[in-house]
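Trainee: from the sequence below, what's the structure:
(one chain, ligands or ions: 1)
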Amino acid sequence: MTIDWSASTPFFNDDHRAYAEVVRQFTTNEIVPYVDDWERAGMVARDLYNKAAQIGLFGDGFEAEYGGHGQRDALMRLVIMDEVSQAGAGGVSASMLSNYIGLPPIQRFGSDELKARVIAPCQAGERIAALAITEPSGGSDVARIRTTARRDGDHYIVNGSKTFITSGMRADFYTVAVRTGGEGPSGISLLLIEGDREGFDRTPLEKMGWLSSDTATLYFDDVRVPVSNLIGEEGTGFSAIVNNFNAERMDMAVQSFSFSRVCYNEALQWARERETFGKRLGEHQVIRHKLVEMDRRINAGEAWTQLLAWRLNQGDNPVAEIAECKVAATTTFEFCAREAAQVLGGASYLRGSVVERLYREVRVQAIGGGSEEIMRDLASRQLGI
Ligand SMILES: Cc1cc2nc3c(=O)[nH]c(=O)nc-3n(C[C@H](O)[C@H](O)[C@H](O)COP(=O)(O)OP(=O)(O)OC[C@H]3O[C@@H](n4cnc5c(N)ncnc54)[C@H](O)[C@@H]3O)c2cc1C
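Mentor: Down below sits the predicted model:
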């Protein structure tokens, strides 16, 4: 079971509950039956984006004019992230939802022309967006990115490389962090680069998990990009990236607790059915305690994410707590994947087991979008320690 939206929580209203049901049906019918095929194929079916668009899955935080929901509702976003995560396939979530990291800077800082050209077709499921920040030289220290965009008349000439980019092989639009100025954060800008520009190349990466998410290294070799593709003002890219990270980290925290819940549910079901030493597995105290400990940590996390989402909706910007919450979420996920695997025993080690897949996805949640070390560091600075 996912979060009980009908429970007497003060946070969710009838719209949230109704949409949770829509996304649940979508996950059950359009994702769960195909996950194993997509994991083998190395990418989700292209028409999943069209189907997701039909239920408005990419719309939170985007203007209705461009196909969005017409408002930002962090609680609705929590509903989306949690319900899609119930498929227990982080690769599907990451790939299908890369619009949520690639498009927000354009919605927030892009020109109307750029919004119409990029956001609208992505909301319709016809195009895919990706976010390209991380470089081969490092991802944590964003202020030191090296990819350059040199002004040449009405164009920028882009040179450099990005790596670990989700939806990197088949995205149509890339929101790319480039250096238009000198060293440090004030020299960074965001540039929209289309996937079919001359001099833009990409190669796929083979990974431990998230197999159904196409992850790539990008290469820019004298790529000419019109100045009209600049997102916001020159030199404002770093603050736009930081702003974007907050929402991404919140999404990843919600997903990590949801994946923890999937692990718990798998372990619970097994503990009820499996017999060892003449009694049900769940009757052994050691196993019962494992399950309670998982449930206890997940309950605390779900309550925290709901409170944070509500506070975001009130206009609060709890940067330190979101960073802390992401750490709590990924360490909980690590714990739950381990404990679920122990409860399932050898069955957890077989391909096709949801726990086996999630076990391989723990590290990317703990590293991607800001690692546990970087999250603790960020929180410590915010807290003035
Ligand atoms: C599957 C996958 C998908 C991804 N998708 C995207 C994407 O779509 N777009 C994108 O831009 N990026 C993406 N990333 C990149 C991800 O955000 C980075 O991997 C992450 O930010 C860490 O950067 P790094 O791997 O270069 O590690 P580094 O920055 O080299 O750090 C290495 C290790 O050192 C630690 N460390 C670094 N600095 C410090 C410090 N000051 N104190 C203590 N410890 C420190 C880090 O925590 C990390 O554990 C993805 C990564 C993966 C694995």
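Trainee: hey, let's count contacts and neighbours off CA atoms from now on
Mentor: Will do.
Trainee: could you point out which element follows the helix ranked longest in the chain?
Mentor: Ordering each helix of the chain by length in residues (DSSP state H) puts helix 237-273 first. Reading on from helix 237-273 to the C-terminus, the next helix or strand found by DSSP states H and E is strand 275-276.
Trainee: ok so, going back, is the ligand contacted by the longest helix of the chain?
Mentor: No: using C-alpha under 6 Å from any ligand atom, no contact is recorded between helix 237-273 and the ligand, whose separation bottoms out at 9.7 Å.
Trainee: one more: stretch 144-164?
Mentor: Yes: between stretch 144-164 and the ligand, judged by C-alpha under 6 Å from any ligand atom, the touching residues are Phe164.
Trainee: now the end-to-end length of that stretch.
Mentor: Stretch 144-164 has an end-to-end distance of 17 Å (C-alpha to C-alpha, to the nearest Å).
Trainee: likewise stretch 187-202?
Mentor: Criterion C-alpha to C-alpha; first-to-last residue distance in stretch 187-202 is 25 Å.
Trainee: which stretches of the stretch 151-300 of the chain have low pLDDT?
Mentor: Along the stretch 151-300 of the chain, segments meeting pLDDT under 70 are nowhere present.
Trainee: whoops, the stretch 1-150 of the chain was the one
Mentor: Using pLDDT under 70 as the threshold, the predicted model of the stretch 1-150 of the chain has low-confidence ranges 1, 8.
Trainee: do a quick rundown of the strands in it.
Mentor: If you assign secondary structure with DSSP state E, counting those that start in this stretch, the strands in the stretch 1-150 of the chain sit at 129-132, 148-152.
Trainee: repeat for the stretch 251-385 of the chain
Mentor: In the stretch 251-385 of the chain, the segments counted as strands under DSSP E, counting those that start in this stretch are 275-276, 279-280.
Trainee: got these as CSV, with mean neighbour count and distance to the ligand columns?
Mentor: CSV is the format used below for those (neighbours: other C-alpha atoms under 10 Å; distance: least, C-alpha to the nearest ligand atom, whole Å):
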stretch, mean neighbour count, distance to the ligand
strand 275-276, 12, 37
strand 279-280, 13, 38
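Trainee: which strands or helices does the helix or strand hosting Thr163 pack on?
Mentor: Secondary structure here is read from DSSP H and E; on that basis Thr163 sits in strand 155-166. Contacting strand 155-166 under the criterion 3 or more C-alpha pairs under 8 Å, 6 or more residues apart in numbering; DSSP states H and E are the following elements: strand 129-132, strand 148-152, strand 215-226.
Trainee: can you do 6 Å?
Mentor: If contacts are counted by 3 or more C-alpha pairs under 6 Å, 6 or more residues apart in numbering; DSSP states H and E, strand 155-166 sits against strand 148-152, strand 215-226.
Trainee: any idea of the angle the helix or strand following that strand forms with helix 237-273?
Mentor: Of the helices and strands lying after strand 155-166 in sequence (DSSP H and E), the nearest is strand 173-179. Using axes from the mean of the first three to the mean of the last three C-alpha atoms, to 10 degrees, the interaxial angle of strand 173-179 with respect to helix 237-273 works out to 130 degrees.
Trainee: and the angle from strand 173-179 to strand 148-152?
Mentor: 90 degrees.
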